[in-house]
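Peer 1: any chance you can model this:
(6 chains)
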There are 6 protein chains.
Amino acid sequence: MRLLVVNSNTTDSVTTRIGAAARAAARSGTVVEAVSAPFGLPLIVSRADWLLAGPATLAALAARRGTYDAAIIACFGDPGLEAAKEMLDVPVLGISEAAFHAAAMLGRRFGVVSFTAALRPMFEDCLAQHGLQARCAGFRMGPAFAGDPGLVAEERADLLVELCRQSVEQDGAAVVILAGGPLAGLAPMIAHRVPVPLVDGTAAAVRLAEALVGLAPPGAPRSRRPRAVTGFAPEISALYGGA
Amino acid sequence: MRLLVVNSNTTDSVTTRIGAAARAAARSGTVVEAVSAPFGLPLIVSRADWLLAGPATLAALAARRGTYDAAIIACFGDPGLEAAKEMLDVPVLGISEAAFHAAAMLGRRFGVVSFTAALRPMFEDCLAQHGLQARCAGFRMGPAFAGDPGLVAEERADLLVELCRQSVEQDGAAVVILAGGPLAGLAPMIAHRVPVPLVDGTAAAVRLAEALVGLAPPGAPRSRRPRAVTGFAPEISALYGGA
Amino acid sequence: MRLLVVNSNTTDSVTTRIGAAARAAARSGTVVEAVSAPFGLPLIVSRADWLLAGPATLAALAARRGTYDAAIIACFGDPGLEAAKEMLDVPVLGISEAAFHAAAMLGRRFGVVSFTAALRPMFEDCLAQHGLQARCAGFRMGPAFAGDPGLVAEERADLLVELCRQSVEQDGAAVVILAGGPLAGLAPMIAHRVPVPLVDGTAAAVRLAEALVGLAPPGAPRSRRPRAVTGFAPEISALYGGA
Amino acid sequence: MRLLVVNSNTTDSVTTRIGAAARAAARSGTVVEAVSAPFGLPLIVSRADWLLAGPATLAALAARRGTYDAAIIACFGDPGLEAAKEMLDVPVLGISEAAFHAAAMLGRRFGVVSFTAALRPMFEDCLAQHGLQARCAGFRMGPAFAGDPGLVAEERADLLVELCRQSVEQDGAAVVILAGGPLAGLAPMIAHRVPVPLVDGTAAAVRLAEALVGLAPPGAPRSRRPRAVTGFAPEISALYGGA
Amino acid sequence: MRLLVVNSNTTDSVTTRIGAAARAAARSGTVVEAVSAPFGLPLIVSRADWLLAGPATLAALAARRGTYDAAIIACFGDPGLEAAKEMLDVPVLGISEAAFHAAAMLGRRFGVVSFTAALRPMFEDCLAQHGLQARCAGFRMGPAFAGDPGLVAEERADLLVELCRQSVEQDGAAVVILAGGPLAGLAPMIAHRVPVPLVDGTAAAVRLAEALVGLAPPGAPRSRRPRAVTGFAPEISALYGGA
Amino acid sequence: MRLLVVNSNTTDSVTTRIGAAARAAARSGTVVEAVSAPFGLPLIVSRADWLLAGPATLAALAARRGTYDAAIIACFGDPGLEAAKEMLDVPVLGISEAAFHAAAMLGRRFGVVSFTAALRPMFEDCLAQHGLQARCAGFRMGPAFAGDPGLVAEERADLLVELCRQSVEQDGAAVVILAGGPLAGLAPMIAHRVPVPLVDGTAAAVRLAEALVGLAPPGAPRSRRPRAVTGFAPEISALYGGA
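Peer 2: Here you go, the predicted structure:
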């Protein structure tokens, strides 16, 4: 199986890291290709960033159409997800979508832990968008953070373990999602200090994408009229069937 | 007051019509400027269209920054709305957002009527996004429609009156929203045949935007770091403070 | 435009203050008349008070019928609101209704801040009645208060600023409602100390009432049979068309 | 046990009928007194009626304070219920509240059947007020009705049986509420034609009121300051401890 | 009236205590029989325990069929409740079900207080199952507890009073449920220290079961085909009409 | 990977059919073992059946502990699921759980189609238990069915295609779940007649179980005290660590 992983920002070092994480989670028969967004922003943190990351992600998906059997949008908040599901004939999963569904299948209620309260509104909106609020035991977030996102997982590891424990003991979480890009890769490092499973979005998305390939008969084909799009990358025009 | 109305698609004839409708609803002191999306699609009907219309709408808003006191996104589904609220220092309203809020203030429960069931999923998602489901008495939609959207309001006027009546009599609606671009302008024509007020999104958005200008002290200013954006129109780069 | 503002309690000094606040928020062409409830209670704090304030408010509205184009019920909890919307041919808004809708249009999620936890249950019921719970980031209330309501805004200004900041930083509020009669007029005084817009219910109601006048075609007229009411003020009997 | 039953309208013939129904449902040791609202309207059908019926109901309850151990508000929509619970030291139940709770305890999901769709919005609001929407399998209502409410139960008996059956077979109701004053007394007459239990609000309220008397220790007494009320019946002033 | 009370665990000393509590709450004409589960576990604390307690409870109910007019499942979490309602011709109530409904009828919002946070997830699931979340003001639970459940009510009495007060003052509870088997009997002991009514599940279930007997005409009888069950106690086979 | 599939009823011919369906969906490296419930009922259709099927399913899971890496409960309604997740150290999925999550990941909203309205209440409860109601576009069920469940898929194939189409066209479903055991295997036969993907619960559960194995670090081990269970199969006693 061929799996395309799209990093919705333009930072190649992040793409490399995500690609490695995806390969580590994938089955032996899965070939992972990881690509950056072809344009947009080097970091996605605001609602406006998320808006711009949508077409950029769709362009990356469109550019490689036909070369993958499933795709992952590797950016918390899942920019472009609904459009990609609509336009592409293969399964497309977002990493927050995957984290929420995997966690819900692993335990009755999941906690969401992250390093800064600033991310909470977007995470809550994202959870609501996927409709799984009733399965969430609550959010536990660290205080405001102004340092280097690349180091926060290490610097705040003890705090995050404590937040996970509070999620379990106070909120009744049976499983905890470590949310937000900068916490990717942290789960295996702190798992022995937390009494419930820890879910990482990228790993969850890889596994669930593998599961969905070929699962459901796709239904009778629907033809789409070609339509002209202006002002976006040619890959998007091609996706719409325009010249 | 200066009001910018952005048509999220690229069809200038639609922009002209929307501009006229907005001027008809505006107060005498309000100066309305209506513009088309600078790029994107001539018609917004799918989730992918909606995704692409977001940055296009934001670009139109960014291009005229400083020339308006409030803005309206005149496309059902409100593409780019959250990002625009976040990035701009003036009130920005979507026409579906405005229709839902105005209807909720005019009556205990509002019905939503449109000409084709195909629009229902996007309308329901939009309603959920604005959080007003509990105020909605239900949707009443006509059957699939393959004709000219520009003529549907006239062709299906009798059907739409009947759907409005069902919304009132069966669902208990105290007010009805005529939803979807092609029904703009229909409300005054059929109002005498329906026993409750009929809400038009564009008119609602104009009035509510006027109301919000200057309503709330904006709060202490927050500085934003300039950030570089690639692959989008220069207006968007400027909005981000990039070179 | 003529706007009637009804203070649902019988305390004329409060009515004077509300009238001034309404005039300050109104457009130049809006003529504001503020009246006290003709009977009832000098202060509305309990559910029973709220019950009695309903007919008193309706009587005030009925007494001046024909002299206003829109009306405001200036009492948090909006006593008599649904009945007034049903019986009157002009828009009627409550100040809590207006605060919730205005805040929802100004930002993705609004916080509600007030000076004492004792008000929380009624505010939450009121929010639920208007159906906007999903847009609320949470309540932040001060401790029990036994002093003079007329002085609480000043005495607890620092506490209220702190609660606003918690609402923004911990709960993710993009806008904050200062709720409860005794906080009227506080918003402009503390706005420079809070990083998001602050919404005042009276100002919001004035502006939104102006917006709704003439917005929607009223629908075909419905005749009402005259009905006899006993035991209430003659204005209410007149409203019912009785002798 | 002494039980006061308040008919929230002023029609004594209805009060007589409700009193008889209450006595039929009561235990042998329960003494039922049924009274009409001392003022207000002869029939409660609109939101404004409901508003006026609240203080009228509270006045009836206040007038006999000390002569009953529990009380019932016998009007669908439960006017004055929250205020009565707050002000009185004995259990007070509304007949719609009682119907919803009894039905929920008798089966997993209850249907609501009534003779005309016109009542649906108020019934749905009432259900939402009591918070039991998730237990409701749906509403099945007859068409508009312009005849004599006193005869509708007989005239539409076959229709109502059919609606009950649809509620069971299509909506999965395990129990059905016959809602609305004019259907009081119908349940035993059609029970043999419907395959699930039928709940009547008055009977449910009598039984549940009996159950609640003495059930929970009332908690430490709270003193209330006397407060002056104007413009209402002297019973209400007395309830507030005024002169 | 004959009332069967089933303790869903196998510990006879607990059954004796529950039986005494039920008799204390019952009317003079009610004959209470309390029985232990015929098999299963001596204490129900986990989801697996709850699963096994279901058939054990049903077996106890089946074994005495015909000897009672109503039954109570005296185990928080209400194991076997839905099946018992479906299979038996008499009302069956769970003690958590009864606590939630009684509390909702006694006040606008109820708090839930218990001695350890470990019980919170199951209580919340149980509340959701009964659909009354909107009436709950919140949970207040003590810290982890590893002592003797039989002594916790006394040992933590002061803490529980404090939690009740927080529920009232911070959360706005108008009534508080003391939840969990080990708190049975505590309500009358601390009632004078808490300013709102305290609800005990067993007492509530006894009273509400008495209320439901004979309340609703049972509907036309439905025949059930006999079906064979294997591996369960003969009482359950008999319930299914098997040999 | 070793996958245990438990048919929660005792009918071996059904087990054989489910086993074949599971193997058809599984990856090449997955070894499927399908077993019947060791006791209970030959068909699970009522709430009481579901209750009894829970321990029977748990017994089957317990009997083979250590011989599988993940397990599936192959009975719509997922009897015993929560207990199995709690007690076992490997992922356990129910087929309705899997169908809901897979469908939610494949499209924005899923429809649920089945052959008889009699199943709707249990399906709706099951959907609510998994918390995904907001993702469901609605239920479309055939009329009452009294024939042979083994033939209903063929006999009602045309009806089911029509219900699927209504789900897509009227309700806006982007994917449809064919729900209920008797429809297993129907999806590939009618897929070409329906314009969206069709989800089968057994296939979804196999794929998602494969995905969850090894996905999340299991967390620090928690010791459980051995506890004695009586009256259930020895496998269950062993699961509890009893002698």
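
Peer 1: and the residue positioned nearest the centre of chain A, how far is that from chain E?
Peer 2: Geometric centre of chain A, nearest residue: A:Ile95, 1.9 Å, by C-alpha atoms, centre = their mean. Plainly put, A:Ile95 is 26 Å away from chain E if you go by C-beta to the nearest C-beta, to the nearest Å. C-beta here means a position set from N, CA and C on the backbone, and glycine is covered the same way.

Peer 1: and the pLDDT at the closest residue to that residue other than its chain neighbours?
Peer 2: Nearest residue to A:Ile95 in three dimensions, chain neighbours excluded: A:Gly201, at 3.4 Å (C-beta to C-beta, 6 or more residues apart in numbering or on different chains). Here, the pLDDT recorded for A:Gly201 equals 95.

Peer 1: and A:Gly94, backbone torsions?
Peer 2: phi -90, psi 160 (degrees, to the nearest 10).

Peer 1: roughly how far out does the worst-scoring helix or strand of chain A on mean pLDDT sit from the chain middle?
Peer 2: In chain A, the helix or strand scored least confidently by mean pLDDT, DSSP states H and E is helix A:149-155, which has a mean of 84. Its chain's C-alpha centre and that of helix A:149-155 lie 19 Å apart, by C-alpha atoms, centre = their mean, to the nearest Å.

Peer 1: between the lengthiest helix in chain A and helix B:47-63, how many degrees?
Peer 2: Determined from DSSP state H, the single longest helix within chain A is helix A:47-63. Per axes from the mean of the first three to the mean of the last three C-alpha atoms, to 10 degrees, the angle that helix A:47-63 makes with helix B:47-63 is 130 degrees.

Peer 1: could you give the mean pLDDT of helix A:47-63?
Peer 2: Helix A:47-63 comes out at a mean pLDDT of 97.

Peer 1: now for it, which elements pack on it?
Peer 2: With contacts defined as 3 or more C-beta pairs under 8 Å, 6 or more residues apart in numbering or on different chains; DSSP states H and E, the packing partners of helix A:47-63 are strand A:2-7, helix A:81-87, helix A:234-239, helix B:47-63, helix B:81-87.

Peer 1: touching chain B at all, the next helix or strand after the first one?
Peer 2: In this case it means strand A:2-7. Using DSSP states H and E, the helix or strand that follows strand A:2-7 in sequence is helix A:12-25. No: looking at helix A:12-25 against chain B by C-beta under 8 Å from any C-beta of the partner chain, there are no contacts, and the closest approach is 13.2 Å.

Peer 1: same question, stretch A:33-43
Peer 2: Yes: Stretch A:33-43 lies within reach of chain B by C-beta under 8 Å from any C-beta, at A:38-42.

Peer 1: list just the nearest of those residues to E:Arg27.
Peer 2: Using C-beta to C-beta, the shortest approach to E:Arg27 within those belongs to A:Leu41, at 71.1 Å.

Peer 1: name the nearest residue to the closest one, sequence neighbours excluded.
Peer 2: A:Asp49 (5.3 Å).

Peer 1: so how far is E:Ala24 from the residue of chain A found nearest chain C?
Peer 2: Closest residue of chain A to chain C, C-beta to the nearest C-beta: A:Pro121 (3.4 Å). Applying C-beta to C-beta, to the nearest Å, one obtains 51 Å for the distance of A:Pro121 from E:Ala24.

Peer 1: who has more neighbours, the two?
Peer 2: The neighbour comparison of A:Pro121 against E:Ala24 (other C-beta atoms under 10 Å in any protein chain shown) goes to A:Pro121, with 18 against 13.

Peer 1: so the more buried one touches C:Gly107, yeah?
Peer 2: No: judged on C-beta atoms under 8 Å, A:Pro121 makes no contact with C:Gly107 at a distance of 10.0 Å.

Peer 1: mutual contacts of those two, please.
Peer 2: C:Ala174 (C-beta atoms under 8 Å, 6 or more residues apart in numbering or on different chains).

Peer 1: one step back: now do the contacts for the residue nearest to A:Ile95.
Peer 2: A:74, A:76, A:95-96, A:98-99, A:177, A:179, A:184.

Peer 1: do that again at 10 Å, thanks
Peer 2: A:Gly201 sits next to A:21, A:72, A:74-76, A:78, A:93-100, A:102-103, A:177-181, A:183-184, A:187 when contact means C-beta atoms under 10 Å, 6 or more residues apart in numbering or on different chains.

Peer 1: count the residues that sit near A:Asp158.
Peer 2: A:Asp158: 10 surrounding residues under other C-beta under 10 Å.

Peer 1: doesn't A:Ile72 belong to a helix?
Peer 2: No: secondary structure of A:Ile72, determined by DSSP: H, G, I helix; E, B strand; the rest coil: strand, with no helix assignment.

Peer 1: for it, what are its contacts?
Peer 2: Residues near A:Ile72 by C-beta under 10 Å, 6+ apart: A:3-7, A:18, A:22, A:32, A:34, A:78, A:91-95, A:97-98, A:201-202, A:204-206, A:208-209.

Peer 1: what about A:Gly138, which SS state?
Peer 2: strand.

Peer 1: distance check, it against chain E.
Peer 2: 11 Å.

Peer 1: show the model's pLDDT score for the nearest residue to that residue once chain neighbours are set aside.
Peer 2: Leaving out its chain neighbours, the residue that sits closest to A:Gly138 by C-beta to C-beta, 6+ apart is A:Asp171, at 4.2 Å. What the model reports for A:Asp171 is a pLDDT of 93.

Peer 1: and A:Gly242, by the same measure?
Peer 2: At A:Gly242, pLDDT is 65.

Peer 1: do the same with A:Gly131
Peer 2: pLDDT, read off for A:Gly131, is 96.

Peer 1: ok so, going back, state the pair within the residues of stretch A:33-43 next to chain B that is farthest apart.
Peer 2: So, the residues of stretch A:33-43 next to chain B by C-beta to C-beta: farthest apart are A:Pro38 and A:Pro42, at 13.0 Å.

Peer 1: find residues that contact each of those two.
Peer 2: The contact lists of A:Pro38 and A:Pro42 share A:10, B:230, where a contact means C-beta under 10 Å, 6+ apart.

Peer 1: A:Val35 - that's part of a strand, no?
Peer 2: Yes: with three-state DSSP as the criterion, A:Val35 is located in a strand.

Peer 1: show me the contacts for the residue in chain A that chain D sits nearest to.
Peer 2: For chain A, the residue closest to chain D is A:Ala134, as judged by C-beta to the nearest C-beta, at 11.2 Å. Neighbour list for A:Ala134: A:104, A:109, E:128, E:133, F:128-134 [criterion: C-beta under 10 Å, 6+ apart].

Peer 1: most neighbours out of the residues you listed, which is it?
Peer 2: Most surrounded of the contacts of A:Ala134: other C-beta under 10 Å gives A:Ala104, at 26 neighbours.

Peer 1: secondary structure element holding it?
Peer 2: Going by DSSP H and E, A:Ala104 is part of helix A:95-106.

Peer 1: quick check: angle from that helix to helix F:95-106?
Peer 2: 180 degrees.

Peer 1: which non-adjacent residue is nearest A:Ser8?
Peer 2: Nearest to A:Ser8 is A:Cys75, by C-beta to C-beta, 6+ apart, at 3.5 Å.

Peer 1: how close does A:Ala238 sit to A:Ala228?
Peer 2: Relative to A:Ala228, and taking C-beta to C-beta, A:Ala238 is found at 12 Å.
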